[in-house]
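Chemist: pasted the sequence and its predicted model underneath.
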Amino acid sequence: MTIDSSEWDGGSGSWKPIEEQDLPAHRFATPTEVTVGRWGQLNVFACPVPSHPHSWSIQ
């Protein structure tokens, strides 16, 4: 699972949804207002094998 601080890159418009092409960058790129670390992303890794522990990283 990945939890990201923004839905798309406000600077370059990378991965910007077609429906939002005409919207300003900052406010609409972060609709949930979740900030991970210093505007990074949280990755949580899980394995279906019970003996393998969960792990996570912040990028």
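Modeler: Received the coordinates, thanks.
Chemist: contacts and neighbour counts: CA atoms only from here.
Modeler: Noted.
Chemist: next, count neighbours for F45.
Modeler: With neighbours defined by other C-alpha atoms under 10 Å, the count for F45 comes to 12.
Chemist: okay, and the helix or strand of the protein with the least pLDDT?
Modeler: Least confident helix or strand of the chain, by mean pLDDT, DSSP states H and E, is helix 25-29 with a mean of 66.
Chemist: and the gap between M1 and E19?
Modeler: Distance of M1 to E19, computed by C-alpha to C-alpha, to the nearest Å: 25 Å.
Chemist: actually V36, not the one I wrote
Modeler: 25 Å.
Chemist: neighbour count for these two, which is higher?
Modeler: V36 (15 against 7).
Chemist: coming back round to it: give the next helix or strand downstream of the least confident helix or strand of the chain.
Modeler: strand 41-45 (DSSP states H and E).
Chemist: how many neighbours does the nearest residue to E33 once chain neighbours are set aside have?
Modeler: Spatial nearest neighbour of E33, excluding adjacent residues (C-alpha to C-alpha, 6 or more residues apart in numbering): S5 at 7.6 Å. Look at S5: counted by other C-alpha under 10 Å, it has 21 neighbours.
Chemist: dump the residue contacts of S5.
Modeler: Applying C-alpha atoms under 8 Å, 6 or more residues apart in numbering to S5 gives the contacts T30, E33, V34, T35, V36, W39, G40, Q41.
Chemist: and the first one, how far from S6?
Modeler: Same thing as T30. In terms of C-alpha to C-alpha, T30 sits 5 Å off from S6.
Chemist: neighbour count winner among the two?
Modeler: Neighbour totals were compared for T30 and S6, and S6 leads with 21 against 17 (other C-alpha under 10 Å).
Chemist: point me to the residue sitting farthest from the middle of the protein.
Modeler: Distance from the C-alpha centroid of the chain, by C-alpha atoms, centre = their mean, peaks at S51 (28.4 Å).
Chemist: so that residue is in which element?
Modeler: Assigned by DSSP H and E, S51 belongs to no helix or strand.
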